[in-house]
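>>> Got a sequence here, can you build the structure:
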Amino acid sequence: MGKNRPQMPYTGFRFLNPTLPMKRFLFLLLLSTTAGFAQKKTPPVIDARVIKVDSLLWDLKALSKAPAVEWLSQTGPVRSLLYKSVDYEGKPTQVFAYYSNPDLIRGKPVSKRKFPGVVLIHGGGGKAFKEWVEKWAADGYAAIAMDLAGKGEDGKRLAQSGPDQGEVDKFSKLEKAALRDLWTYQAVSGAILAHSLLLSFPEVDVTRTAVTGISWGGYLTCLVASLDNRFKAAAPVYGCAYYDESDVFKTSILKLSPSGQQKWMRYFDPSVYLPFAKPQFLFVNGNKDRFYNVVPYHKTYSLIPPKQRTMCLIPDMKHGHEAGWEPHEIRYFFESILNDGVPLADVGPVLATDSTLRLSYQSPVTVYTAEFYYSNDTTSVNENRVWSKQKATLDRNARTVTSPVPKEGFQYGFFYLKDHRNVSVSSPFLLKGN
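Purely as a prediction, here's the structure:
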């Protein structure tokens, strides 16, 4: 510098313009220190080679790139933003989202710590839930939740919005529109881009991310976790595949033309993609869910190898967003995969004789209750099916659970176990003839 030019104190920044006004410099310095979650690294690329379908609708290489971001709020424990998503009907779109992490939620300065990350996918009628992000940030995660209905924080449609989550955009639009203009394509793209954004943040450990979604978000989780093999863990709640067998959604499928039905199932049903999924799965559902009933649900998780899945069938579990993020089994499961936490109990296959049902298990925490739930009701829809239960016998030394076959027999059944953390797991559904 010239002799008469005052020397700036060293700040770690390189001055490309020595005449930069001091006020502007201080503003940029403040921005850099308060927005420590700005994009600073390139996310890993999804390995699309493992997804062996005839024609892959999504451009996974493009979706692996972190999208452009417009931060709406950079203060407070939860930040809000818009990020660029895929084009809809030939026009650019943005998605609204909330983001937080353990530093932000506690009001602490940006640290150099690395956090596991989680993507949160809402269900039908849902939105980007701020409180869901708060929950996971408080639990130690960098968390992002986005609105997949084209709306912003105020509930109004964005200027650059994609489709809403109504019946037409999910189903009947398929008969006339491009597949990329259907809600499922747009929602899956938006969720994968949210993951790519999360992976670009310097505080997120790219080797430790998970996804969970509720209802339609559980359906999306099955798709997203199958397509995006950068995730290490996934917890779909309620949602499953085989939509043409659902008590509810098969009606929408059957309204399509025969070719439309085939097209929807070929491109948008999770059963096409789940066989190629790489994350560890925790399947969470009730036994009486209105939308995701026993038979298609059983077929869905059976697409994932037993060593890659854990079952958590919760008796009489209610259906809803709050009920869907309430089970603490999801957090314990993610901790076991991402943070080397103590795993959930590992339940073996059920061995049946004419009189006895028996399973073995391994658990680092003592199992203290076990029950067998069963039903012979084959005429009611899933939510009205009548179930009974009986206490099962625990042999903690042998680590086995046994139950007599109910005198009246059963058409559907499952074992339900709880350990001393009040963390539950279950066997898969037992279906007569399976």
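
>>> Go ahead and name everything in contact with stretch 271-280.
Taking contacts as C-beta atoms under 8 Å, 6 or more residues apart in numbering, the residues outside stretch 271-280 that touch it are 50-53, 210-211, 222-223, 225-227, 229, 231-234, 241-242, 265-266, 299-300, 303-304, 308-310, 333, 337. All C-beta spots, glycine's among them, are computed from the backbone N, C-alpha and C.

>>> and if we set it to 6 Å?
Contacting residues not belonging to stretch 271-280 are listed as 50-51, 222, 225-226, 229, 231-234, 241-242, 303, 308, 337 [C-beta atoms under 6 Å, 6 or more residues apart in numbering].

>>> ok, now stretch 389-396?
Outside stretch 389-396, the residues that touch it by C-beta under 6 Å, 6+ apart are 370-373, 401-403.

>>> which ones are touching Ile121?
Contact analysis of Ile121 by C-beta under 6 Å, 6+ apart lists 191, 213, 217, 220-221.

>>> So which of those belong to helices?
Members of those lying in helices (criterion: DSSP state H): 191, 217, 220-221.

>>> I'd like the next helix or strand past the helix or strand of the chain with the lowest mean pLDDT.
Comparing every helix and strand of the chain by mean pLDDT, DSSP states H and E singles out helix 22-34 as the least confident one, with a mean of 39. With elements assigned by DSSP states H and E, the helix or strand that comes after helix 22-34 is helix 60-63.

>>> mind listing what's buried in that following helix?
Of the residues in helix 60-63, those buried by neighbour count under the rule 16 or more other C-beta atoms under 10 Å are 60, 63.

>>> For the helix or strand that comes right after that helix, buried residues please.
Along the chain past helix 60-63, the next helix or strand (assigned with DSSP H and E) turns out to be strand 69-73. Neighbour counts using 16+ other C-beta under 10 Å place Val69 of strand 69-73 among the buried residues.

>>> How about residues contacting strand 69-73?
Outside strand 69-73, the residues that touch it by C-beta under 6 Å, 6+ apart are 79-83.

>>> Same question for stretch 214-232.
With C-beta under 6 Å, 6+ apart, stretch 214-232 has contacts from 44, 46-47, 121-124, 187-188, 191-192, 195, 209, 211, 213, 234, 236-239, 270, 273-274, 276-279, 321, 324, 337.

>>> Low-confidence ranges, the stretch 251-400 of the chain, go.
Residues of the stretch 251-400 of the chain meeting the criterion pLDDT under 70: none.

>>> that older thread, show me just the buried residues among the contacts of stretch 214-232.
For the contacts of stretch 214-232, a burial check counting by 16+ other C-beta under 10 Å picks out 46, 121-124, 187-188, 191-192, 195, 209, 211, 213, 234, 236-239, 270, 273-274, 276-279, 321, 324, 337.

>>> which residue ranges form the helices in the stretch 51-200 of the chain?
Counting by DSSP state H, counting those that start in this stretch, residue ranges of the helices within the stretch 51-200 of the chain are 60-63, 102-105, 130-138, 167-170, 183-200.

>>> what about the closest residue to Lys127 other than its chain neighbours, how many neighbours?
The spatial neighbour of Lys127 that comes closest, neighbours along the chain excluded (C-beta to C-beta, 6 or more residues apart in numbering), is Asp147 at 5.0 Å. Neighbour count for Asp147, taken as other C-beta atoms under 10 Å: 24.

>>> Ala277 versus Asp147, what's the distance?
Taking C-beta to C-beta, to the nearest Å as the criterion, Asp147 is separated from Ala277 by 25 Å.

>>> and if you look at Tyr99?
Summarising the geometry, the distance separating Tyr99 from Ala277, computed by C-beta to C-beta, is 26 Å.

>>> And Arg208, by the same measure?
When C-beta to C-beta is the yardstick, Arg208 and Ala277 sit 18 Å from each other.

>>> what's the answer for Pro327, then?
Relative to Ala277, Pro327 is positioned 21 Å away (criterion: C-beta to C-beta).

>>> tell me the contacts of Phe281?
The neighbours of Phe281, taking C-beta under 6 Å, 6+ apart as the test, are 234, 304, 309.

>>> tally of neighbours for the nearest residue to it once chain neighbours are set aside?
Taking C-beta to C-beta, 6+ apart as the measure, Phe281 lies nearest to Arg309, with 4.5 Å between them; neighbours along the chain are not counted. Residues contacting Arg309 under the criterion other C-beta under 10 Å number 18.

>>> you'd agree Pro67 is up against Lys84?
Yes. Here Pro67 reaches Lys84: they are 4.4 Å apart, a contact under C-beta atoms under 6 Å.

>>> Neighbour count: the two, which is higher?
Set side by side, Pro67 and Lys84 show unequal neighbour counts under other C-beta under 10 Å, the larger going to Pro67 at 21 against 17.

>>> Before we move on, what's the pLDDT of the more buried one?
Listed pLDDT for Pro67 reads 98.

>>> Quote the end-to-end distance of stretch 245-254.
Its first and final residues considered, stretch 245-254 spans 10 Å by C-alpha to C-alpha, to the nearest Å.

>>> Measure how buried Asp377 is and give me the count.
Here the neighbour count serves as a burial measure; for Asp377 (other C-beta under 10 Å) it reads 15.

>>> Would you agree it is in contact with Asn384?
No. Because the distance of 8.1 Å does not satisfy C-beta under 6 Å, Asp377 is recorded as not touching Asn384.

>>> and the nearest residue to Val224 once chain neighbours are set aside, what does it touch?
For Val224, ignoring the flanking residues on the chain, the nearest one in space by C-beta to C-beta, 6+ apart is Ala191 at 4.8 Å. Contact partners of Ala191, counting by C-beta under 6 Å, 6+ apart, are 121, 220, 224.

>>> Go again with 7 Å.
With contacts defined as C-beta atoms under 7 Å, 6 or more residues apart in numbering, Ala191 is in contact with 119, 121, 220, 224.
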